[in-house]
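In: Here is my input; please provide its structure:
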Amino acid sequence: MPNPAIQLVENRRDRSICETKSRYDVLLHGVKFDQLYFNVTGYVGYLPTPDGAKLNIGEKGISVFRREISSLNREFAAAAHKTAK
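Out: Numbers count the residues shown, from 1 in each chain. Prediction:
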């Protein structure tokens, strides 16, 4: 199975001393696309879409972002399969 297009990598180095939650780098094909950071009630940040846009799902828990990334990875795989034919 090929590597997923979008990956979430925990990044503890970029958080400030007052932050209690880790930040997460959003990687698109291994290159940093954006960063998720914890706001008041959840994580905030952008996710890439197969058409090149940025998706903002609002302030949500990390599990919601992981589920959305799984869905987007399926869309990326379908788009790659469609262009390969």
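In: and the host helix or strand of Asp34, which residues are buried?
Out: Taking DSSP states H and E as the criterion, Asp34 maps to strand 31-38. For strand 31-38, burial by neighbour count (16 or more other C-beta atoms under 10 Å) applies to Phe33, Gln35, Leu36, Tyr37, Phe38. (Glycine included, C-beta is placed from N, CA and C.)
In: for the chain, what spans make up the helices?
Out: 62-84 (DSSP state H).
In: List the strands paired with the strand holding Asp34, with their directions.
Out: Sheet pairing for strand 31-38, assigned by DSSP bridges, gives strand 23-28 (antiparallel), strand 43-44 (antiparallel).
In: helices and strands of the chain: which one has the lowest mean pLDDT?
Out: helix 62-84 (a mean of 93; mean pLDDT, DSSP states H and E).
In: if I look at the closest residue to Ala80 other than its chain neighbours, how far off is Ser63?
Out: Leaving aside its chain neighbours, Ala80 sits nearest to Ala5 (7.9 Å; criterion: C-beta to C-beta, 6 or more residues apart in numbering). Ala5 sits 20 Å away from Ser63, going by C-beta to C-beta, to the nearest Å.
In: neighbour count winner among the two?
Out: Neighbour totals were compared for Ala5 and Ser63, and Ala5 leads with 20 against 9 (other C-beta atoms under 10 Å).
In: Which pLDDT value goes with the residue nearest the centre of the chain?
Out: In the chain, the C-alpha nearest the mean C-alpha coordinate belongs to Val26, at 4.1 Å (C-alpha atoms, centre = their mean). Note for Val26: predicted pLDDT of 97.
In: For it, which residues count as its bridge partners?
Out: The partner residues for Val26, given DSSP bridges, come to Leu8, Asp34.
In: okay but it is in contact with Tyr46, surely?
Out: Yes - contact criterion C-beta atoms under 8 Å: Val26 and Tyr46 qualify, at 7.4 Å.
In: For the nearest residue to Ala77 once chain neighbours are set aside, give me phi and psi.
Out: Leaving aside its chain neighbours, Ala77 sits nearest to Ala5 (7.4 Å; criterion: C-beta to C-beta, 6+ apart). Backbone torsions of Ala5, given as degrees, to the nearest 10, read phi -70, psi -40.
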